[in-house]
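>>> this is the structure alone, sequence omitted:
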């Protein structure tokens, strides 16, 4: 099963390509598909919203020709509304913008959907959940950052666990279908706990790509995530 579905039988793992081998990106995407992955996470950074520069629509567009994985695109850029059409044209399935980076957030979300993509909002560790409470009925996904964005390989910020749990309670209270995604310091060791707190989708970079072969690593994460969700393994 691909795409967004809160009622899917098992949590989602979305490996972050930021930790992949960019010199052989096409092969990496094929290897992820062969390993049973359905999603892949693209970290787009502009050097202004975060202190790093990564990739943009042209690379995603080229990769789209090589892969039918669900492209989960995370924009860590200032004023993301300037580039929505380019990312739609590149083949993004889900576009996630930061609440801190878009002044008219509801308008940006509406435009993402108009362009035919799923829409999500990311919150930095310090950003309160009330930035998205009223938007939940319109959001396909909320991304809780559990590190400060900009670089891979950072350690998980412990206080964000409470934030994941609180968001899960709010989603349930509003009977929303919003997926809860967690990104930052996610490992096979904490994956089960994060799912038990309410996460539906986990993003992992170095903790995934640094432990080949991918099929075995995927199964390690899958066992932990399913245990966290209370699924027999």
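Yep, it's here. As the structure is a prediction and not an experimental result, all values here were calculated from the model.
>>> which SSE is residue 120 in?
In this assignment (DSSP states H and E), residue 120 forms part of strand 118-123.
>>> do residue 175 as well
Secondary structure (DSSP H and E) places residue 175 outside all helices and strands.
>>> distance of it relative to residue 137?
The spacing between residue 175 and residue 137, counted by Cβ to Cβ, to the nearest Å, is 9 Å. Glycine gets a C-beta too; all of them are placed from N, C-alpha and C.
>>> partners of the strand holding residue 120 in the sheet?
As defined by DSSP bridges, the strand partners of strand 118-123 come to strand 94-98 (parallel), strand 141-145 (parallel).
>>> got the contact list for it?
With contacts defined as Cβ atoms under 8 Å, 6 or more residues apart in numbering, strand 118-123 is touched by 3-4, 74, 76, 93-100, 105, 109, 112-113, 129, 131-132, 135, 138-145, 149, 163, 179, 181, 183.
>>> repeat that for stretch 160-168.
Contact with stretch 160-168 is made by 123, 125, 129, 142, 144-146, 180, 182, 184, 193-194, 197-199, as judged by Cβ under 8 Å, 6+ apart.
>>> related to what we said a few turns ago, mind putting the strands paired with strand 118-123 in TSV, mean neighbour count and mean pLDDT included?
Output for the strands paired with strand 118-123, formatted as TSV (neighbours: other Cβ atoms under 10 Å; pLDDT from 0 to 100):
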stretch	mean neighbour count	mean pLDDT
strand 94-98	27	98
strand 141-145	26	98
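>>> so can I have CSV of the ones you listed showing distance to residue 221?
Supplementary listing: these in CSV, determined by distance: least, Cβ to Cβ, whole Å:
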stretch, distance to residue 221
strand 94-98, 20
strand 141-145, 18
